[in-house]
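1. here's a sequence, model it:
(one chain, ligands or ions: 2)
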Amino acid sequence: METRPLIFDCDPGQDDAISLMMALAPSDTPLDIRAITVTAGNTVLDKCQRNARMIVELCKRTDIPVYAGCDAPLELPLATAEEVHGSEGLDGVEIFEPALPLQAEHAVDAIIRICRTVDNVLIVPTGPLTNIATAFRRAPDIISRVREIVIMGGARSEAGNITPSAEFNAYVDPHAAAEVFATSVPKTVFGLDVTHKTLIRPDHVKKLGDLNNYMTDILVPMLSGGYAEFDAQKFGTNGTPIHDACTTAYLLRPDLFTFRQVGIRVEAESELTRGCTSVDYWHGTDWDRDCQWAVGADADGFFDLMVERLALYAKL
Ligand code: RIB
Ligand code: CA
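-> Ligands and ions are numbered 1, 2, ... in the order given. Model prediction:
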């Protein structure tokens, strides 16, 4: 299990929310989460930051500060995905205004402050990379201090899920993705190639429901509505990907995944292929091979871990 200090950067969104539920579970050996920073993506920033605070409050982890960051990509207008996540960005959850306050500090300033004062920080982005790229632009000195970036984003052998060539997070802010992937920070990247191998099927949802605890009562409706049906119908699969949960699963059980060491670059200028992640799988370029590209997953082990983490909420 990961013991280094963590910053989760997200755009909740159901799969971000489930990833956080797994990460924040009341374990005897909790992950060292220093901040949850939020960017616009699945929906607008105001709703993403509220959703993040809702999830942290529902997880009863109000010890973790939540910061709002960038409300639009570096250079392009914001594209959102309410058709997938619902008008509030969290279909299936009863929306409320959390008591947990939003931190006054901007997420980018918080990322810079933490990276300058804490050693061995891991950043775990599961949305567009705008906050991370902005922090690196504003404080290049922190780039060498970040130990690893564990990213949900990109696609190689799978087609894009928002355009034929691009995965959503990379598509929304391709300039930010291009800049982050061009840094020498070691990256672990969970693209659609592997998130589409860890589908949560209706029988899985029933097993989660059978846990019958405080959190699964919240989780099951999230996986029983539009979000669960959207990808299953779009890709003709029996189940839906919980993309972002692969990052938390990796932090807890890296052995669940297999990787290939590659260099990755992101298309930012072409309108047709904006956000395409060019994964140098056969090492044909001179790009630094600073990315662990996830190629395989133990799907049963992934689901068992999800059950294990959600079962911890029986304590609450
Ligand atoms: O393409 C899937 C990714 O885009 C996930 O992170 C989902 O939450 C959306 O942000
Ligand atoms: Ca996300």
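
2. pull the contacting residues for the closest residue to ligand 1 within the stretch 51-200 of the chain.
-> Per Cβ to the nearest ligand atom, Phe168 is where the stretch 51-200 of the chain lies closest to ligand 1, at 3.6 Å. (Each C-beta comes from the backbone N, C-alpha and C, glycine too.) By Cβ atoms under 8 Å, 6 or more residues apart in numbering, the contact set of Phe168 is 41, 81, 161-162.

3. number of nearby residues for the nearest residue to Pro221 once chain neighbours are set aside?
-> Among residues not flanking Pro221 along the chain, Gly92 sits closest, at 4.1 Å (Cβ to Cβ, 6 or more residues apart in numbering). Gly92 has 19 neighbouring residues, counting by other Cβ atoms under 10 Å.

4. likewise for Thr134?
-> Quick note: Thr134 (other Cβ under 10 Å) scores 23 neighbours.

5. where does the residue in the stretch 201-316 of the chain that ligand 1 sits nearest to sit: helix, strand or coil?
-> Relative to ligand 1, the nearest point of the stretch 201-316 of the chain is His243 (4.2 Å; Cβ to the nearest ligand atom). Following DSSP: H, G, I helix; E, B strand; the rest coil, we place His243 in the coil state.

6. on that earlier part again, residue contacts, the residue nearest to Pro221?
-> With Cβ under 8 Å, 6+ apart, Gly92 has these contacts: 14, 86, 221-227.

7. ok, so of the contacts of Phe168, who is nearest ligand 2?
-> Gly41 (5.9 Å; Cβ to the ion).

8. what's the distance between the closest residue to the closest one other than its chain neighbours and ligand 1?
-> Distances taken as Cβ to Cβ, 6+ apart place Asp11 nearest to Gly41, at 3.0 Å, with adjacent residues excluded. Separation of Asp11 from ligand 1 (Cβ to the nearest ligand atom, to the nearest Å) stands at 5 Å.

9. just to revisit the earlier point, export the contacts of Phe168 to TSV and tack on distance to Pro202, neighbour count and secondary structure?
-> Output for the contacts of Phe168, formatted as TSV (distance: Cβ to Cβ, whole Å; neighbours: other Cβ atoms under 10 Å; DSSP: H, G, I helix; E, B strand; the rest coil):
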residue	distance to Pro202	neighbour count	secondary structure
Gly41	27	31	coil
Ala81	22	18	coil
Asn161	21	22	coil
Ile162	25	18	coil
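
10. confirm Val124 sits in a strand?
-> Yes - remark: Val124 belongs to a strand, assigned using three-state DSSP.

11. give me the number of residues near it?
-> Val124: 27 neighbours (other Cβ under 10 Å).

12. equivalent analysis for Asn131, please.
-> 30.

13. surely it meets Ala107?
-> Yes - Asn131 lies in contact with Ala107 (Cβ atoms under 8 Å); the separation is 5.1 Å.

14. hey, what's in contact with both of the two?
-> In contact with both Asn131 and Ala107: 9, 37-39, 69-70, using Cβ under 8 Å, 6+ apart.

15. measure the residue nearest the centre of the chain to ligand 2 for me?
-> Most central in the chain under Cα atoms, centre = their mean is Thr126, positioned 2.0 Å from the mean C-alpha point. Remark: distance between Thr126 and ligand 2 (Cβ to the ion, to the nearest Å) = 4 Å.

16. distance of that residue from Thr198?
-> For Thr126, the distance to Thr198 (Cβ to Cβ, to the nearest Å) stands at 14 Å.

17. Ile7 should be in a strand, yeah?
-> Yes - using three-state DSSP, the assignment for Ile7 is a strand.

18. can you pull the pLDDT of it?
-> The model reports Ile7 with a pLDDT of 98.

19. residues near it, how many?
-> 26.

20. and it, bridged to which residues?
-> Ala35, Ile123 (DSSP bridges).
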